[in-house]
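Trainee: I'd like to go over a predicted model; first the sequence, then the structure.
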Amino acid sequence: MSTTAEAFLTEISAPGRPVEEFLNYIDGQWVKCRSARTFDNSNPAHTDELIGRFQASTALDAEDAVNAATAAFEDWRKTTPSQRAKILNKAADYLEANAQRFGEELSREEGKSVALGKDEFLRAAQTFRFYAIEGQTFGGETYPQDDGNMMVYSQREPLGVVSVISPWNFPASIPARKIAPALITGNTIVFKPSSDAPLSGLRLVEALVEAGIPKGVINYITGRAGDVGPIITTSKSIRAISFTGSTQAGMHIHRTVHLTTRLQMELGGKNPLIVMEDADLDQAVELAIKGGFSLTGQACTGTSRVIVMKAVKEAFTKKLVERVKTLKIGPGHQPGMDLGPLATAKQLETVLHYLDIGRQEARLLCGGERLTGAPYDKGYYVTPAVFDKVTQSMRIAREEIFGPVIAVIEADNFASAMAMANDSEYGLSAAIATRNPRYMHDFANNIQSGTVKINRTTTGNLVNAPFGGMKNSSTSTFRESGRVGLEFFTQTKVVYRGL
Ligand SMILES: NC(=O)c1ccc[n+]([C@@H]2O[C@H](COP(=O)([O-])OP(=O)(O)OC[C@H]3O[C@@H](n4cnc5c(N)ncnc54)[C@H](O)[C@@H]3O)[C@@H](O)[C@H]2O)c1
Ligand SMILES: O=S(=O)(O)c1ccc(CO)cc1
């Protein structure tokens, strides 16, 4: 075991280290849940380390949160955009000042590196600042008409109480890009983070509390989806739900909500990278590595299919495998790691299951082993895997795995590569590696994907640009992120004002 790994183990197994209990935030108070029951969350890099004890809320707590948000709405909607922007900016100051500490916590609860954790909190702060500005210029229109004694205009109004439901893989930046546009437009919020990474979401709420957000405007509850989910999705007071998570959970919510509840859903992906015969192969390998294995393959926009032209497939695959063998895997707290652990025991089980399927369906070129021995024994570590001889009909080419697994698929030409790329129930992100402007153009115009990357990784997107997918990757109505992210949280009222 290396010295750094030893230090890591000593640090986390320090005897007597107290386990902190974290509370819900309802109606302006940090409170225990009514049953006073808690659940523990542990570090996926070393499950002996408890991150904290969180409230095992039930329907009663969820009702308290919804009631608090309902009561706070009337006053909050009457605050001015600049008053709301001031709170978002102060919260952003707080997140920036604490980004290192919060980034370390994020790394411990989710498994990604400290640098990525810190970066996520900085992006959350950037998102708060972006909406603080955009929200102040987001309004209605005036409509020309024939009556000189009348003015017709529209105004954007908040919806009311909205639920924010987020996954574990980006536990700070995903809720931030829902919470900020909801608040700046005058909505009140019930926020439920994933039970697998609830602390980062709490830090976002803490930032807003420090910034002086009035009571009831943001409410934070932790607990099992089965316990709190029905209330925060089907209560009559909930006017909208902004959800990011699995397609399965999204579909369940979609089936159970009221007809008039507005839905924004960011779901799964099976994102392709096409490598053309004219591509810079070294660059293409880096796109595959970064897109497929950063965040240990647990990004919804992660590259999971690499569709390579026959003419360069052998050369590309050889370079890819050589590069994969240089990747370092270890705890997020250890500097210099390329991959961390998988985030949960369930995720480990899923990935191992798909590795078995892949071994039967295709040919494993490298990786795919569960790591053993210190410091890996107590964590959810799997080495990055590359499968060759994959066809588009195989399960590893069709189903979302959400782990460090790349399927290499051979294509005869651009047209067949496009057909395979589009042969998916998902359409979140897609990339191409090429030097040919013709391919770039045709790819951008014909790929069925909400995000299109040319000589860039499928992962990563800007705070100021819209984000969302096609087909089963998103609900089709509202994009999130960017200026359009404000639309989801508002409704239009048209005023005919005569003299
Ligand atoms: N499209 C995107 O932007 C995007 C981004 C990140 C992750 N994801 C997807 O998220 C998944 C991984 O995240 P996960 O495992 O946390 O997803 P998940 O669906 O299990 O859970 C997401 C959140 O929804 C809650 N939830 C689940 N069922 C619910 C219900 N019936 N009612 C109310 N809340 C409920 C969970 O507690 C959690 O907070 C992957 O499928 C990934 O593709 C998508
Ligand atoms: O951190 S964010 O930029 O908000 C972001 C972008 C994309 C995804 C999809 O996994 C998650 C987070």
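Mentor: Sure thing, it's come through. Ligands and ions are numbered 1, 2, ... in the order given.
Trainee: what residues does the stretch 51-200 of the chain have near ligand 2?
Mentor: Within reach of ligand 2 by Cβ under 6 Å from any ligand atom, the stretch 51-200 of the chain has these residues: 123, 170, 173-174, 177. For every residue, glycine as well, the C-beta is placed using N, CA and C.
Trainee: ok, now with 8 Å
Mentor: 120, 123, 127, 169-170, 172-174, 176-177 (Cβ under 8 Å from any ligand atom).
Trainee: widest-spaced pair of those?
Mentor: Thr127 and Asn169 (16.3 Å; Cβ to Cβ).
Trainee: between those two, which is the more surrounded one?
Mentor: Thr127 (27 against 24; other Cβ atoms under 10 Å).
Trainee: tell me which element Thr459 is part of?
Mentor: Taking DSSP states H and E as the definition, one finds Thr459 inside no helix or strand.
Trainee: picking that back up, so of the residues of the stretch 51-200 of the chain next to ligand 2, which ones are in helices?
Mentor: 120, 123, 127, 173-174, 176-177 (DSSP state H).
Trainee: just the closest of these to Thr233, please.
Mentor: Ile174 (17.4 Å).
Trainee: tally of neighbours for whichever residue of the stretch 101-250 of the chain sits closest to ligand 2?
Mentor: Residue of the stretch 101-250 of the chain nearest ligand 2, by Cβ to the nearest ligand atom: Ser173 (3.2 Å). Neighbourhood size, Ser173 [other Cβ under 10 Å]: 23.
Trainee: that one contacts Arg123, doesn't it?
Mentor: Yes - the pair Ser173 and Arg123 qualifies as a contact (Cβ atoms under 8 Å) at a distance of 4.8 Å.
Trainee: ends of stretch 263-283, how far apart?
Mentor: 39 Å (Cα to Cα, to the nearest Å).
Trainee: distance from that stretch to the middle of the chain?
Mentor: 17 Å (Cα atoms, centre = their mean, to the nearest Å).
Trainee: ligand 2 versus Gly337, what's the distance?
Mentor: I think there's a mix-up here, since residue 337 is Met and not Gly. The span separating Met337 from ligand 2 equals 19 Å under the rule Cβ to the nearest ligand atom, to the nearest Å.
Trainee: tell me the secondary structure for that residue?
Mentor: Per DSSP: H, G, I helix; E, B strand; the rest coil, the local secondary structure of Met337 is coil.
Trainee: mind listing what the closest residue to it other than its chain neighbours touches?
Mentor: Nearest residue to Met337, sequence neighbours excluded (Cβ to Cβ, 6 or more residues apart in numbering): Gly330, at 4.4 Å. Contacts for Gly330 (Cβ atoms under 8 Å, 6 or more residues apart in numbering) come out as 5, 45, 337, 340, 375.
Trainee: go on, Met309?
Mentor: Contacts of Met309 by Cβ under 8 Å, 6+ apart are 275-277, 410-413, 417.
Trainee: and it, how close does it get to Ala411?
Mentor: Per Cβ to Cβ, to the nearest Å, Met309 is found 6 Å from Ala411.
Trainee: per-domain residue ranges of this protein.
Mentor: 9-267+476-496, 271-455 (the TED database).
Trainee: in TSV, list the ones you listed along with mean pLDDT and distance to Met470.
Mentor: Output for the domains of the chain, formatted as TSV (pLDDT from 0 to 100; distance: least, Cβ to Cβ, whole Å):
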stretch	mean pLDDT	distance to Met470
domain 9-267+476-496	96	7
domain 271-455	98	3
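Trainee: what about the closest residue to ligand 2 within the stretch 201-350 of the chain, distance to Lys389?
Mentor: Using Cβ to the nearest ligand atom, the closest approach of the stretch 201-350 of the chain to ligand 2 is made by Cys300 at 3.6 Å. Cys300 sits 26 Å away from Lys389, taking Cβ to Cβ as the criterion.
Trainee: what of Gly482?
Mentor: For Gly482, the distance to Lys389 - Cβ to Cβ - is 40 Å.
Trainee: between those two, which is the more surrounded one?
Mentor: Gly482 (20 against 14).
Trainee: OK, contacts around the residue of the stretch 201-350 of the chain closest to ligand 2?
Mentor: 169, 244, 266-269, 428, 473.
Trainee: again, only using 10 Å
Mentor: When contacts are counted by Cβ atoms under 10 Å, 6 or more residues apart in numbering, Cys300 touches 167, 169-170, 174, 244-246, 266-269, 271, 400, 402, 426, 428-429, 458-459, 467, 469, 473-474.
Trainee: may I have the phi/psi pair for it?
Mentor: phi -60, psi -30 (degrees, to the nearest 10).
Trainee: and the helices in the stretch 301-450 of the chain, which stretches?
Mentor: For the stretch 301-450 of the chain, applying DSSP state H, counting those that start in this stretch gives helices covering 310-324, 345-361, 395-398, 414-422, 437-446.
Trainee: out of those helices, nearest to ligand 1?
Mentor: helix 345-361 (7.4 Å).
Trainee: that closest one: how far from the chain's middle?
Mentor: Taking mean C-alpha positions (Cα atoms, centre = their mean), helix 345-361 and its chain are 22 Å apart.
Trainee: stretch 356-364 now?
Mentor: With Cα atoms, centre = their mean, you get 28 Å for stretch 356-364.
Trainee: flag every residue of the stretch 51-200 of the chain that's near ligand 1.
Mentor: 163, 165-170, 174, 192-196.
Trainee: do that again at 5 Å, thanks
Mentor: 165, 167-168, 194 (Cβ under 5 Å from any ligand atom).
Trainee: okay if I get those as CSV plus secondary structure?
Mentor: Output for these, formatted as CSV (three-state DSSP):
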residue, secondary structure
Ile165, strand
Pro167, coil
Trp168, coil
Ser194, coil
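Trainee: could those go into TSV alongside distance to Val205 and neighbour count?
Mentor: Listed next are those as TSV, based on distance: Cβ to Cβ, whole Å; neighbours: other Cβ atoms under 10 Å:
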residue	distance to Val205	neighbour count
Ile165	14	26
Pro167	17	22
Trp168	17	24
Ser194	15	25
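Trainee: pick the one among these closest to Gly498.
Mentor: Ile165 (43.8 Å).
Trainee: would you map the helices across the stretch 51-200 of the chain?
Mentor: Under DSSP H, counting those that start in this stretch, the stretch 51-200 of the chain gives helices at 59-78, 81-97, 99-110, 114-134, 173-184, 199-210.
Trainee: make sure Ile289 is indeed in a helix.
Mentor: Yes - counting by three-state DSSP, Ile289 is found in a helix.
Trainee: what about the closest residue to it other than its chain neighbours, neighbour count?
Mentor: Nearest non-adjacent residue to Ile289, counting by Cβ to Cβ, 6+ apart: Arg323, 5.8 Å away. Look at Arg323: counted by other Cβ under 10 Å, it has 17 neighbours.
Trainee: these two touch, right, Arg323 and Val285?
Mentor: Yes - contact criterion Cβ atoms under 10 Å: Arg323 and Val285 qualify, at 5.3 Å.
Trainee: shared neighbours of the two, anything?
Mentor: Counting by Cβ under 10 Å, 6+ apart, nothing touches both Arg323 and Val285.
Trainee: need the contact list for the residue of the stretch 1-150 of the chain at minimum distance from ligand 1.
Mentor: In the stretch 1-150 of the chain, no residue comes nearer to ligand 1 than Ala62, which is 9.8 Å away by Cβ to the nearest ligand atom. Contact analysis of Ala62 by Cβ under 10 Å, 6+ apart lists 24, 26, 33, 163, 190, 192, 219, 221, 223, 227-233, 235.
Trainee: now it: closest residue in space, sequence neighbours ignored.
Mentor: In space, Ala62 is closest to Ile231, 3.6 Å off (Cβ to Cβ, 6+ apart).
Trainee: wait, Phe243 touches Thr475, no?
Mentor: Yes - counting by Cβ under 10 Å, Phe243 does reach Thr475; the two are 8.9 Å apart.
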